[in-house]
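**Q** this one's sequence-less:
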């Protein structure tokens, strides 16, 4: 059907600025190609960057473009998360929607929707229904991001075999290769910029490929089909996001934009999603003490799980994760997995009944070995099984190299997909919807990247998508001390991360030392956010470190407010979080391999109000080059508005609670 739009004459420029007027997005055409830029206080943040698509069977869209008149609107609202880093989220932006019309024979139209916040920008493409562009097959999206001003970058490679599980590179921006998002830049003037995406549904995730200098272009993850994305119009792409902060803490605060660009909750009542701490049959496998598959070392036995249930009940943990309980481990490409059939030495009837008497739940586990197609076919039976036994959360897994996700066409032909391609974007949304029907929350490992879909599907409680604690058992090298202060300002911009902290033994396989301190393991519970947090070590190791266990027992997992008090990416971070519905605050701080004395500004507390601070900190002589277990637990009285100074030894940290003094 034809469109009646007002077409601007010449090289029109449409600008949309943030509510405070400081940040502006400009759209124009350069040599008839749609081109945008972003400035802050009149200073360039994103230099002129082109937009376009390569369409299968229809050539390139992005030349001979004229812009229509924008339609503008504004939103200023506050909405409440059912769980999260902060209970209330402010959503305040100015929007414009601009038609972009080819003046060639095809007359294909794509609209650009732009939302400008005080601390960032989101934009997406809308494909209206039109005869000449109905069945849309996208070979490539050619969205550019030209970073203005000399910058350095923190990034992991995109498109490589190990998905997202890499240590972060720190290089000049002009030396980045192809990177996953979020990717974080720090300019010479100190401003921080992060590129990511939001609301990734039924579309391929992008990698950022450096074209030249500091100019990057989206590269969509591949598909088993000749095209990378196929959609029927009308539809909208995910949002392309640019977060901007004065410093690293401000960049973290800007990440609410990712949530705000997602649709509100589709699931209705989600009071059954319960943030909690858990233990489980997991670390023993990574230590090679147990195995996932049946045999003499099998970990998921009835006897082992009953012991873990007792431990969870004694120390207030909400659930016990059980990996390796079901038939099929370890089959090539997961072809033999049975998601509702237990190994003979695992008695689900006895285990679930015993757990109920102890007030503990079982956390399910569905490993697929990347066989997402088989999992989808078995999904209803798998969730029925868990619902029958009172399982309200499941950890899913997709262990396979990049490009190794298996599915089948209707004719039975096997196809191979990427973890971040369009098929898997559909798959994760499908799993969330089906799990919700059974009141089950999902913790996805080897997932597609987080893009804020927890707002739309609040049962997507957390995920992996980064290098986690298991690398401290067997990785070469283990995660270095700068890992968490890097994660906070990169991966954590996208959403919760199931880091699985709490390894109080500070040892991996064969006693290999973990380059952390005991206090650092505790600080991770506050610094690295997840609404479900694992006490990942073996119960016998917690018995040896009762002071550390006391912290893990007490620390909350659901928060009223979050403030990053200080931080430098890759060096250190201090994070304060207030318990949801409570007056107590919890602070965690981590450092790289340098010792630091850190001032903690307590001005976020009511002026002069007295608090009892319980502190777990590195002791003198500690650190990764000293006694890693040296930790002091002490109590002090502090007042709002004061400054508290605490030391972190190399590779260490501290954690503390602040409770109003009665």
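**A** Perfect, thanks for sending it. Only a predicted model underlies this, so the values are computations on that prediction, with no experimental measurement involved. Numbers count the residues shown, from 1 in each chain.
**Q** Longest strand in this structure, please.
**A** Counting by DSSP state E, the longest strand found in the chain is strand 88-102.
**Q** What sits closest to residue 197 if chain neighbours are left out?
**A** The shortest distance from residue 197 to any non-neighbouring residue, by C-beta to C-beta, 6 or more residues apart in numbering, is to residue 238 (4.8 Å). To be clear about C-beta, it is placed using only N, CA and C from the backbone, and glycine gets the same treatment.
**Q** nope, residue 52 is what I meant
**A** Here the residue nearest residue 52, using C-beta to C-beta, 6+ apart, is residue 62, at 2.6 Å.
**Q** one step back: buried set for the longest strand of the chain?
**A** Within strand 88-102, the residues scored as buried using 16 or more other C-beta atoms under 10 Å are 89, 91, 93-102.
**Q** Can you verify my assumption that the residue nearest to residue 197 contacts residue 199?
**A** Yes: taking C-beta atoms under 8 Å as the definition, residue 238 is a contact partner of residue 199 at 5.1 Å.
**Q** Between those two, which is the more surrounded one?
**A** Per other C-beta atoms under 10 Å, whichever of residue 238 and residue 199 has more neighbours is residue 238, with 25 against 22.
**Q** and the more buried one, what does it touch?
**A** 124, 197-201, 203, 451 (C-beta atoms under 8 Å, 6 or more residues apart in numbering).
**Q** show me where this structure has helices.
**A** Per DSSP state H, the chain carries helices over the ranges 248-254, 256-260, 283-286, 302-315, 348-358, 372-388, 422-437, 471-474, 483-487, 518-527, 539-544, 546-554.
**Q** how far away is residue 258 from residue 231?
**A** Applying C-beta to C-beta, to the nearest Å, the value for residue 258 to residue 231 is 22 Å.
**Q** now swap in residue 536 and tell me
**A** 40 Å.
**Q** So the two - more neighbours on which side?
**A** More neighbours surround residue 536 than the other of residue 536 and residue 231, with 27 against 18 (other C-beta under 10 Å).
**Q** show me the contacts for that one.
**A** 279-280, 282-283, 469, 500-503.
**Q** and the most centrally placed residue in the chain, backbone torsions?
**A** For the chain, the residue nearest the mean C-alpha position is residue 495 (3.5 Å; C-alpha atoms, centre = their mean). Per-residue torsions, residue 495: phi 150, psi -170 (degrees, to the nearest 10).
**Q** Just the endpoints, please. Distance across stretch 80-89?
**A** Distance across stretch 80-89, first residue to last, is 6 Å (C-alpha to C-alpha, to the nearest Å).
**Q** how about that stretch: buried residues?
**A** Neighbour counts over stretch 80-89 (16+ other C-beta under 10 Å) mark 81-87, 89 as buried.
**Q** what's in contact with it?
**A** By C-beta under 8 Å, 6+ apart, the residues outside stretch 80-89 that reach it are 78-79, 256, 259-260, 265, 270-271, 273, 275, 454-455, 458, 461, 529, 531, 558-562, 577, 580.
**Q** if we go to 7 Å?
**A** Residues outside stretch 80-89 that contact it (C-beta atoms under 7 Å, 6 or more residues apart in numbering): 78-79, 256, 259-260, 270, 273, 275, 458, 529, 531, 558-562, 580.
**Q** Now, of the residues you listed, which are buried?
**A** Judged by 16+ other C-beta under 10 Å, buried ones among the contacts of stretch 80-89: 256, 259-260, 270, 273, 275, 458, 529, 531, 558-560, 562, 580.
**Q** And the pLDDT at the nearest residue to residue 148 once chain neighbours are set aside?
**A** With sequence-adjacent residues excluded and distances taken as C-beta to C-beta, 6+ apart, residue 148 is closest to residue 44, at 3.8 Å. At residue 44, the pLDDT value in this model is 98.
**Q** Who is residue 44 paired with across the strands?
**A** residue 39 (DSSP bridges).
**Q** from the contacts of residue 238, which ones fall inside strands?
**A** Counted as lying in strands by DSSP E, out of the contacts of residue 238, are 124, 197-198.
**Q** Could you measure from residue 55 over to residue 139?
**A** 7 Å.
**Q** Same question for residue 170.
**A** 33 Å.
**Q** for residue 79, same thing?
**A** Residue 79 sits 37 Å away from residue 139, going by C-beta to C-beta.
**Q** Tell me where this structure is predicted with low confidence.
**A** 1-11 (pLDDT under 70).
**Q** Kindly report the domain assignment for it.
**A** Domain ranges of the chain: 14-260, 276-465, per automatic domain parsing.
**Q** so which of those domains comes closest to residue 641?
**A** domain 14-260 (19.1 Å; C-beta to C-beta).
**Q** Any idea how far apart the tips of that closest one sit?
**A** End-to-end span of domain 14-260 (C-alpha to C-alpha): 23 Å.
**Q** Show me how far it is from its chain's centre.
**A** 18 Å (C-alpha atoms, centre = their mean, to the nearest Å).
**Q** ok, for residue 122, nearest residue in space, not its chain neighbours?
**A** Counting by C-beta to C-beta, 6+ apart, residue 122 lies nearest to residue 239, which is 4.2 Å off, once chain neighbours are set aside.
**Q** give me the beta-bridge partners of the one you found?
**A** Where residue 239 sits in a bridge, its partners, by DSSP bridges, are residue 198.
**Q** That one contacts residue 197, correct?
**A** Yes: taking contacts as C-beta atoms under 7 Å, residue 239 lies within contact range of residue 197: 6.1 Å.
**Q** Which residue ranges of the stretch 101-250 of the chain form strands?
**A** Listed in chain order, the strands of the stretch 101-250 of the chain (DSSP state E, counting those that start in this stretch) span 109-117, 120-127, 135-141, 144-147, 151-155, 169-172, 178-179, 183-187, 192-198, 206-212, 215-220, 229-232, 235-236, 239-245.
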